[in-house]
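Visitor: structure for the following, please:
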Amino acid sequence: MSQFDLKRRRVIQAVGAVGAGLLLPGVAPAVIASVQDRPKMADGVQSGDVFGDKAIVWSRSDRPSRMVVEWDTRSMFTQPRRVVSALADQRTDFTARVELSGLPVDQAIFYRVSFEDAQTGVASEPWFG
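Guide: Below is the predicted model:
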């Protein structure tokens, strides 16, 4: 292989890398939020009041936010259903609850809960159940 072929190969690789980089900005967030900027669930998550195909999930955040519950019958969440609560703020002591409906009978249900900050949209770390 000649010196020219190696340089040409490096140029092609560099152009490919730059092209791929231009396609990614819509995929990856520009800034990753720090731990302090994320809502917190210091009290964990509660679930219960299971009746037929329904159940209640509730939790408390440390700031105005919306609780997001995703549930699935598979632990890998290959086809999750998403339910978003009303705003949890000072009036509710930052507590939110959602009713999950349409749950399949006699199957294990896996869920993950997070809060999205009402102002920034930054999400908390998920809590799995």
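
Visitor: show me what contacts Glu125?
Guide: Arg38, Ser114 (Cβ atoms under 8 Å, 6 or more residues apart in numbering). Just so you know, the C-beta spots here come from the backbone N, C-alpha and C atoms, and that holds for glycine as well.

Visitor: wasn't it part of a strand?
Guide: No - per DSSP: H, G, I helix; E, B strand; the rest coil, Glu125 lies outside any strand segment and is coil.

Visitor: now do Tyr111 against Val35, distance only.
Guide: 23 Å (Cβ to Cβ, to the nearest Å).

Visitor: ok, these two, which is more surrounded?
Guide: Tyr111 (21 against 8; other Cβ atoms under 10 Å).

Visitor: which residue packs closest to that one, ignoring adjacent ones?
Guide: Trp71 (4.3 Å; Cβ to Cβ, 6 or more residues apart in numbering).

Visitor: can you list the weak-confidence ranges in the chain?
Guide: In the predicted model, the chain carries pLDDT under 70 at residues 1-31.

Visitor: swap in 80 and give it another go.
Guide: Applying pLDDT under 80 to the chain flags residues 1-35.

Visitor: mind giving me the domain split of it?
Guide: Domain segmentation of the chain under automatic domain parsing yields 1-30, 35-128.

Visitor: circling back to that earlier point, going on from the helix or strand hosting the residue nearest to Tyr111, what's the next piece of helix or strand?
Guide: Assessed by DSSP states H and E, Trp71 sits inside strand 65-72. Once the chain leaves strand 65-72, the next helix or strand it forms, by DSSP H and E, is strand 81-88.
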